[in-house]
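[1] fold the following, please.
(2 chains)
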2 protein chains.
Amino acid sequence: MDQSLEEMKGDEKAVYLTEGEGRLAPAEQLLPLVREAFDASDYGDIHGEIEELHPSDCADLLEFLTRDERGRFVDVFGDDMHHETLTYLEGTVQEEVLERLQPQQLAEAFSELDSDDALDVIEDLEEEDRERILAAILPVDRDVVRESLSYPEESAGRLMAKEFVTVPLEWTVGQAIDYMRASRDLPDDFYDLYVVDKDLSPLGVLPVSRVMRSKRGVALENIMSTDLHIVAPDLNQEDLAYEFRQYNLSSAPVATHEAGMVGVVTLDDIVRVIDEEAEDDLFKMAGLSDEDMYSRALQTARSRFSWLTLNLATAILASSVIAFFEGTIERLVALAVLMPIVASMGGNAGTQTLTVAVRAIAMKDLTSANAMRFIGKELMVAVINGVGFAAMVAVVTLLWFGDPALAMVIAVAMVGNLFMAGLAGALIPLALDRLNIDPANASAVVLTTITDIVGFFAFLGLASWILL
Amino acid sequence: MDQSLEEMKGDEKAVYLTEGEGRLAPAEQLLPLVREAFDASDYGDIHGEIEELHPSDCADLLEFLTRDERGRFVDVFGDDMHHETLTYLEGTVQEEVLERLQPQQLAEAFSELDSDDALDVIEDLEEEDRERILAAILPVDRDVVRESLSYPEESAGRLMAKEFVTVPLEWTVGQAIDYMRASRDLPDDFYDLYVVDKDLSPLGVLPVSRVMRSKRGVALENIMSTDLHIVAPDLNQEDLAYEFRQYNLSSAPVATHEAGMVGVVTLDDIVRVIDEEAEDDLFKMAGLSDEDMYSRALQTARSRFSWLTLNLATAILASSVIAFFEGTIERLVALAVLMPIVASMGGNAGTQTLTVAVRAIAMKDLTSANAMRFIGKELMVAVINGVGFAAMVAVVTLLWFGDPALAMVIAVAMVGNLFMAGLAGALIPLALDRLNIDPANASAVVLTTITDIVGFFAFLGLASWILL
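    Below is the predicted model of the structure:
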């Protein structure tokens, strides 16, 4: 065993990170060298560099290359790349690399990957690519991956590692220590022991250090922590991440009533989930659906097209409100000059309320327990700022057009639209959440439709009523 | 020692989380009971419930209450609340609770908190509140907190825990095991041993399980992992989080050249950083600066005012472009009807590009190594979608106003504005990043100013040139 531990140690040297050094990432350092090597068709020195590169940096390097360079890189350095590189690649680039690798390179890479990493690569693939990869890997690995694929997408079952250490409830500290020292089936490194009953259901958890520091005769039952947060394999990853955050968990056992404990989710899995969900919320607010930076322009254009079409439809709707007041604008063209101000301020103020609400709902800080209070506060904010900006825009209008009645009209429209913006910004995400629709999804487009229509209607309507 | 371990174990019972149960969070369950108790002024049963509540749930409960209820809650249940509750509260609520707690309650709470949790509460306070709290706590705790406060805000030094276990390089496995078993100064639970040289600089790391599973005579040097990512205490938390993500770290030693190892940052600290940074990016895009849901309406209105004022100024700027073409609009009022469509589509398409760029820069996926390629691709996407939407809007215009020349004008303006939107959406964040300004900060307002002005100018300018 000591031999395998010596291998585990590796030859890496420690890195010391200090503030404000502005060092270049390894991938950026290597990029010009790789390109030089391509130009000269002389790869001698680079093979070693690629071999020593951390898989995460190697993935970055692949992503920095152009599509053509990437193919060439895989052909030349495919055998030098660390097998974990695959798990760090963005979707589009990952597909390209998987297609370019030779079948035996694929088989080797997957046989060396941990089951959860292998799954992570395979689950995002198209059905036919998936089968091609599964065919290339060992039957043992294949069964493990297939089992994991049977859990729903974005569930605890997909995230969990299948390597963990369990000990029976009846054992003492001494028995646990002897087991850890003697058994050869344990993971390389592990941090916790899970104490299980006869049905393999988890009853408690024990850090290895606690076992080590207790007397041999002590029963595990007496020192284990029973504050377990056990999760079902089909639990959604968002709820799982909430549980980790809320209770500061570092790991959670995954178990079913039938099979007992089947896996462990650890905090590093949750970090990935949190990053994904954060990107999701940010992107959905702008109408982006899981696109990545490396997909082709045509594909990206297509994926953004539907959201922009929706926006076009709502913009035309808003324009038809303006068209309704064509006669008014003809008589007082200053209205056409000023009307975008009212609409734009409503959109911006409403987006602020909307953003706070979407984030608070995602973090479970905004629930039915405080929804009324939130709406009330946002309306108050809207009125305060509405009055402030009404005054400002009235002064500007007066100075610009010298028309007190017009200044009054725009001021009233401004207050009205900011009030509507606050109301819509708070209500839309709450309503969508109640309907079990992710509020980040459609909120923004609905909001700006409302603020545009109300903005134009209030301003032009008041104008045609009062000024003409 | 076994006795203290038995205490550590606690009486908590395991929770089993399954998908789609829609269970009510503990804070939401208790809320009506607390309110009933307030109405009846009978708190008997609730004391026990509050005592058993997880500090994180207790913090949620406090946040769900109104300001008045909150004060009463602290008066009645101040002694029942778990001392860690303070660390889970949002800024505004935290200040309220700190002000309401009695000095001896404060001193007790802080003496029980871990140094990094105490710091977490204290660092966000105003100078005078901070001094009041520091005066109430023990001199020992005070020194630790003051030392941590000497590191820059949002740095590794502020995040790190000061509890960690080091062993000298010369030791064998046996010596390490004996030390872990005998020493009484170690943290309750720990997962890694840091191997240090004479100057206390970290040289390697060892999971406890690896020590336990090696023969007593083996030198630690031969089994330790040397792949350390050592960080300076002043390293910015964003760079720190990047390092954890990029290299899949679970912890990183914090060290200086003078003092050697001074702390450890662990993945749970990084989760908090990631959440903060994600919220920051989302909020900054909407012009929100660290506001929380629980601050008063007036305060919130004020904090949003400056961004909205900036938006007002840019909206007026865009209006002055329209004003320039007043004569044109007077002669063809259909222009006033259609002009918001061009501007709005530019704003939405540009925001998509902007969002992708801001996220990619934050994740260090977009650097000078691939900036040109990114800009090129976004321009291609802009042209593809620009042509598509130009065709759509031309058809709509033709059907609506029956004017082929007007349809052509809006089509050309649409292509031009979407092209500008793509260019600005990609260039603005890249330029801000180059200037060391967080691209999330000012990108959105600059972008929509450009798309509004270009949209109005292109459409109205072309119209007055071609149609009149």
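
[2] how many residues are close by A:Ala411?
    Using other C-beta atoms under 10 Å in any protein chain shown, A:Ala411 has 23 other residues around it. In this view, the C-beta of every residue, glycine as well, is placed from N, C-alpha and C.

[3] quickly find the element holding it.
    Assigned by DSSP states H and E, A:Ala411 falls within helix A:404-434.

[4] that helix and chain B, are they touching?
    No. For helix A:404-434, no contact with chain B is found by C-beta under 8 Å from any C-beta of the partner chain; the gap never falls below 8.9 Å.

[5] which strands and helices lie in contact with that helix?
    With contacts defined as 3 or more C-beta pairs under 8 Å, 6 or more residues apart in numbering or on different chains; DSSP states H and E, helix A:404-434 has these neighbours: helix A:334-362, helix A:371-401, helix A:439-466.

[6] so is the second one next to chain B?
    Read that as helix A:371-401. Yes. For a cut-off given as C-beta under 8 Å from any C-beta, helix A:371-401 has contacts with chain B, namely A:373-374, A:377, A:380-381, A:384-385, A:388-389, A:392-393, A:396.

[7] starting at the chain centroid, how far to that helix?
    From the chain centre to the centre of helix A:371-401 is a distance of 35 Å (C-alpha atoms, centre = their mean, to the nearest Å).

[8] quick one: secondary structure of the nearest residue to A:Asp275 once chain neighbours are set aside?
    Nearest in space to A:Asp275, with sequence neighbours left out and distances taken as C-beta to C-beta, 6 or more residues apart in numbering or on different chains, is B:Ile274 at 6.7 Å. At B:Ile274, secondary structure determined by DSSP: H, G, I helix; E, B strand; the rest coil is helix.

[9] then A:Tyr194?
    The three-state assignment at A:Tyr194 reads strand, by three-state DSSP.

[10] so what pairs up with it in the strands?
    A:Thr166, A:Val205 (DSSP bridges).

[11] tell me the contacts of it?
    For A:Tyr194, the contacting residues are A:164-167, A:202, A:204-206, A:253, A:261, A:264, by C-beta atoms under 8 Å, 6 or more residues apart in numbering or on different chains.

[12] now pLDDT and neighbour count too, for these, in CSV please.
    Supplementary listing: the contacts of A:Tyr194 in CSV, determined by pLDDT from 0 to 100; neighbours: other C-beta atoms under 10 Å in any protein chain shown:
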residue, pLDDT, neighbour count
A:Phe164, 93, 21
A:Val165, 95, 20
A:Thr166, 96, 13
A:Val167, 96, 20
A:Pro202, 95, 23
A:Gly204, 95, 21
A:Val205, 95, 23
A:Leu206, 94, 23
A:Pro253, 96, 26
A:Met261, 96, 20
A:Val264, 95, 26
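
[13] could you turn the buried ones of the residues of helix A:371-401 next to chain B into a PyMOL selection?
    This is how PyMOL selects the buried members of those, with burial counted by 16 or more other C-beta atoms under 10 Å in any protein chain shown:
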select buried, chain A and resi 373+374+377+380+381+384+385+388+389+392+393+396
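
[14] grab the most central residue of chain A for me.
    The central residue of chain A, meaning the one whose C-alpha is nearest the mean C-alpha position (C-alpha atoms, centre = their mean), is A:Glu276 at 1.3 Å.

[15] what stretches of chain A score poorly on pLDDT?
    Counting by pLDDT under 70, chain A contains low-confidence residues at A:1-13, A:21-23.

[16] 80 - rerun?
    Low-confidence segments of chain A (pLDDT under 80): A:1-15, A:19-24, A:111, A:114-116, A:124, A:129, A:132-133, A:136-141, A:290-292, A:442.

[17] give me the neighbour count for the residue nearest to A:Asp275.
    Residue neighbour count, defined by other C-beta under 10 Å, stands at 21 for B:Ile274.

[18] please apply the same query to A:Ser201.
    Burial measure for A:Ser201: 19 neighbouring residues, criterion other C-beta under 10 Å.

[19] over to the one 10 residues further on?
    Applying other C-beta under 10 Å, we find 25 other residues in the vicinity of A:Val211.

[20] phi, psi for it please.
    Dihedral pair for A:Val211: phi -60, psi -50, per degrees, to the nearest 10.

[21] up against chain B, what does the stretch 51-200 of chain A have?
    With the criterion set to C-beta under 8 Å from any C-beta, the stretch 51-200 of chain A comes near chain B through A:54, A:56-57, A:60, A:63-64, A:66, A:90, A:152, A:155, A:177, A:180-181, A:186, A:188-191.
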